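# Any chance you could fold what I've pasted below:
(2 chains)
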Amino acid sequence: MATSNAIQASGLGHLSDAARKRLRRKARIDVWFERTLFAFAFAVLLLLGAIIASLMLSSWPAIQRYGLDFLTENRWAANVEVFGALPAIYGTLLTSFIAIVIAVPVSFGIAIFLTERCPGFLRQPLSTLIELLAGIPSIIYGMWGMEVLAPLLRTWFPTVFPAGTGLTTAGIILAVMIIPFITAVSRDVINTVPAVMRESAYGLGCTTWEVTRRVILPSVKGGLVGGVVLGLGRALGETMAVTFVIGNNLFLNTTLTGQGTSIAALIANQFSESDGTQRSALLALGLILFLITFAVLAFARYLLRNSTGRHA
Amino acid sequence: MNISQTPLYRRRKRLNQLVMLLCQLATVIGFVFLFAILFTLVTKGIGAISPSTFVERTRMTGGGLGNAIWGTFIMTCAATLIGTVIGVAAGTWLAEYSGKGLMAKVIRFINDILLSAPSIIIGLFIYAVVVVPMGNFSGWAGVLALTVIIVPVVIRSTEDMLRLIPNSLREAAAALGAHRWWIIVRVCYSGARAGILTGILLGFARISGETAPLLFTSLNSNQWNLFDLGSEMANLPMTIYQNMTINAFIPDLVALAWGGALILTAAILILNIAARYFSRQRS
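The predicted model follows:
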């Protein structure tokens, strides 16, 4: 009886039997409380394992049948049972790349404006607004892209965007979607720079841009890149903002503005009407998407590990 | 010579003005886009909303969104309840018991990955492990998919908030003879309650707008389904999605989709503001 020995050793030997029993019961609760909590925490670990295992198991028939051709075949033709992931992978990577190219300068610009130049009375409202906008569901962005942005692009640039929809349109929508997110992370990261560093640089006669460029950005580089990569992770896996505007062309189209598809959009469009090999091939696409985002997110966490900007 | 007249000084000043102008331009561009979206949402959505929108079920002609709003509400609440139990328990272990062990590091890392995992993958996962064995799409599958999405949010906020409780409080309670679980339940939770609630509320807001995980789990339905989670459950995001795609040839349904989008966004913004209000109360 380790517990009762401990009680006696700690000078509680004078307690009545009933009191001792009560103490022992509470000590037992202590042990089981921790075990229960640990079981729930461990379930998170199992969850990730279960996600990967179930995707692998259910996509196995397609992987077995197509092997590496799955990655190199340049069309997704369900009627002849030819399934190539290349158009979808190309679309996913290209739209996310366009989104990052547009979103990063704009987000950094907003973050620098908010932290360095914004008049005090505007700072809090604008920051709150940015955070609120980051919560808008992604389907809203997709609807806006289809009903407003695509027709606008078609009327303004009919030669570049003959249909309005396409890979670049999807990239622009993704950019608008991740701008609030990257801005919020960057602003938090920049705010961690101690005021003393800013003040000493200003004291030397630096301009605002020089303070930002030479003092602030270098000291929070890791956090900023981490925030951008987190935004990239969002763009890669986004379904609803993309499905409406990407054009759903299932043949590889290596242009920038043409119509295409992305992994998430392809799954969303075809999964419910598929079965057999097609369903398994779609699950294999899901596995590829998960592995890509896993790598990207792990990289982001590695970069953000020393920064306080812990964001969703 | 006055230093402000030198070419170097003027060049630095001009560069500074140029970059700051670009930053302001970026701010304007960013907010113009975001306001354009909100503007479209309100102008297109407000006309489609009437009292009957909230009480009538979805139909091919006319009808409302009542069953979809109810379904979203039920599934979101159920997922939040389950997610709160799992998330608070796991978050408590990470904050109070894990120490600096390898296991805690791994679990924290996995949780960070799950926090940003693509939601359509979660849908595929639940489809494979719940829908296929059960044989039909169901509200429960939708609830579980949403649970997988909210759990990492709750874990993160629980852990962060418990870490804000000063150790001296725990030590004081221990000195009075309280057991560890008692300290956690009575001292730590009561201190971190507002923060944890904020996290749960933000998670609730996030999953109520998720579409992708419901595509292959709860699907959608145009019937009233009050509590029968064993069969397909109508929900707002899926109704919006279907009205904008397969039903897009019916103008009434597209208009209704915009109405639903406005209701959904307004609800989520209000939840976010409420969460903000909660966390301000704390500090």
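
# mind listing the strands for chain A?
Ranges of strands in chain A, per DSSP state E, are A:76-77, A:82-83.

# Show the average pLDDT along the last one.
Here the mean pLDDT over strand A:82-83 is 88, rounded to a whole number.

# and if you look at stretch A:155-174?
90.

# That one: which residues count as buried?
A:161, A:163-174 (16 or more other C-beta atoms under 10 Å in any protein chain shown). To be clear about C-beta, it is placed using only N, CA and C from the backbone, and glycine gets the same treatment.

# Could you export the strands of chain A as CSV, including mean neighbour count?
Formatted as CSV, the strands of chain A follow (neighbours: other C-beta atoms under 10 Å in any protein chain shown):
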stretch, mean neighbour count
strand A:76-77, 18
strand A:82-83, 19
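
# B:V55: which of those strands is closest?
Closest approach to B:V55 among those (C-beta to C-beta): strand A:76-77, 42.9 Å.

# and A:P105, how many neighbours does it have?
14 (other C-beta atoms under 10 Å in any protein chain shown).

# Is it correct that it is in contact with B:L25?
No: the pair A:P105 / B:L25 is not scored as a contact, 10.2 Å apart, by C-beta atoms under 8 Å.

# Does the helix or strand bottoming out on mean pLDDT in chain B pack against any helices or strands, and if so which?
Using mean pLDDT, DSSP states H and E, helix B:51-55 stands out as the lowest-scoring helix or strand of chain B, at a mean of 86. Helices and strands touching helix B:51-55, by 3 or more C-beta pairs under 8 Å, 6 or more residues apart in numbering or on different chains; DSSP states H and E, are helix B:66-92, helix B:251-282.

# How about the longest one and chain A, touching?
Yes: with C-beta under 8 Å from any C-beta of the partner chain as the criterion, chain A is reached by helix B:251-282 at B:257-258, B:261, B:264-265, B:268-269, B:272-273, B:276.

# buried ones in that helix?
B:253-265, B:267-269, B:271-272, B:274-276, B:278-279.

# again with stretch B:64-80
B:64-72, B:74-76, B:78-80.

# just curious, which of those residues is nearest to chain A?
Taking C-beta to the nearest C-beta as the measure, chain A lies nearest B:T72 of the buried residues of stretch B:64-80, at 11.1 Å.

# pretty sure that closest one is in contact with B:N225, am I right?
No: using C-beta under 8 Å, B:T72 makes no contact with B:N225, being 11.6 Å away.

# which neighbours do those two share?
When contacts are counted by C-beta atoms under 8 Å, 6 or more residues apart in numbering or on different chains, the set common to B:T72 and B:N225 is empty.

# which regions of chain A sit below the pLDDT cut-off?
Along chain A, segments meeting pLDDT under 70 span A:1-13, A:306-312.

# Can you tell me which residue is spatially central in it?
Using C-alpha atoms, centre = their mean, the residue of chain A that lies closest to the mean C-alpha position is A:R234, 3.0 Å off.

# and that residue, what does it touch?
A:177-178, A:181, B:116 are the contacts of A:R234 under C-beta under 8 Å, 6+ apart.

# now A:G258
Contacts of A:G258 (C-beta under 8 Å, 6+ apart): A:166-167, A:247, A:249.

# Name the single longest helix found in the chain.
Assuming you mean chain A. helix A:17-66 (DSSP state H).

# if you could check chain B rather than the one you did, that'd help
Ranking each helix of chain B by length (DSSP H) puts helix B:7-46 first.
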